[in-house]
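Novice: my questions concern the predicted model and sequence given below.
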Amino acid sequence: MNIAIFASGGGSNAAAILKHFEGHDCIRVALMVTNNPNAGALDVASNYGIETLVVNREMLYRSQEVLDLLEDRQIAFIALAGFLWRIPNDMLNKYPSRIVNIHPSLLPKYGGKGMYGHHVHNAVKASGDRFSGLTIHYVSEEYDAGQIIIQLKCPVYPSDSAEDIAARVLRFEHATYPVAIQDLVERLMLRE
Ligand code: GRF
């Protein structure tokens with residue numbers, strides 16, 4: 001089964017996913033899509049010899065180009081890994097319960113439009129919360145609001161800076177997201 005990763009930034013989760021599925025018997029990362037021509041995720045993809053596609057708004061929202069490519073490459077599942085643009089409705093309809101995202105907080109806390117990267121961890125730090133964590137969820141029309149699949153909680157210590165929190169959550173993301181994707185894709189394979 002072929003999966004695609006959508007990423008806008010550094011791509012450390014993309015790297016963790018690619019490493020996890022390297023040499024996997026029947027699940028293959030076949031495509032990396034980004035909106036950012038300078039995304040580190042593109043370097044990650046090229047290290048693994050994965051096909052890449054840089055999209056602009058016209059391509060993603062007003063043409064069939066991306067959907068056609070997904071179909072042509074027989075993509076059955078999409079993992080967002082730091083992808084900052086909304087997923088268009090026609091893609092959501094074509095991939096029901098087959099597009100997931102990871103968010104670096106315990107949603108619904110610190111989610112929604114504009115809540116990404118340091119914005120999330122600064123808000124956690126400012127709140128005085130004793131826990132943060134990650135959420136893996138299905139993607140819906142609204143940012144960070146789709147059905148939750150997995151949440152993993154980690155401590156926030158009083159001495160932590162927002163950067164410390166970010167680094168701790170990210171380590172847990174790398175350990176959790178690839179395994180969660182594998183589990184979800186294997187369940188899809190059993191159904192087909
Ligand atoms: C991660 O914290 C993820 O939870 C969020 O965006 C960040 C992406 O980081 N959605 P990276 O590009 O995978 O390093």
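Specialist: Looks like it came in fine. Numbering: from 1, shown residues only.
Novice: contacts and neighbour counts: CA atoms only from here.
Specialist: Noted.
Novice: average pLDDT across the longest helix along the chain?
Specialist: Counting by DSSP state H, the longest helix found in the chain is helix 162-191. Taken as a whole, helix 162-191 has an average pLDDT of 97.
Novice: poorly predicted segments of the protein, please.
Specialist: Filtered on pLDDT under 70, the chain yields no residues whatsoever.
Novice: can you map out the helices along it?
Specialist: 12-21, 40-47, 57-62, 65-72, 89-94, 118-127, 162-191.
Novice: mean neighbour count for the ones you listed - can I get that in a markdown table?
Specialist: Below are the helices of the chain laid out as a markdown table (neighbours: other C-alpha atoms under 10 Å):
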| stretch | mean neighbour count |
| --- | --- |
| helix 12-21 | 20 |
| helix 40-47 | 19 |
| helix 57-62 | 13 |
| helix 65-72 | 14 |
| helix 89-94 | 13 |
| helix 118-127 | 17 |
| helix 162-191 | 16 |
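Novice: out of these, which is closest to residue 138?
Specialist: Among the helices of the chain, the nearest to residue 138 by C-alpha to C-alpha is helix 89-94 (10.0 Å).
Novice: so how far is that closest one from its chain's centroid?
Specialist: 17 Å (C-alpha atoms, centre = their mean, to the nearest Å).
Novice: what's that helix in contact with?
Specialist: Helix 89-94 has contacts (C-alpha atoms under 8 Å, 6 or more residues apart in numbering) with 67, 99, 139-141.
Novice: which of those has the most neighbours?
Specialist: residue 139 (26 neighbours; other C-alpha atoms under 10 Å).
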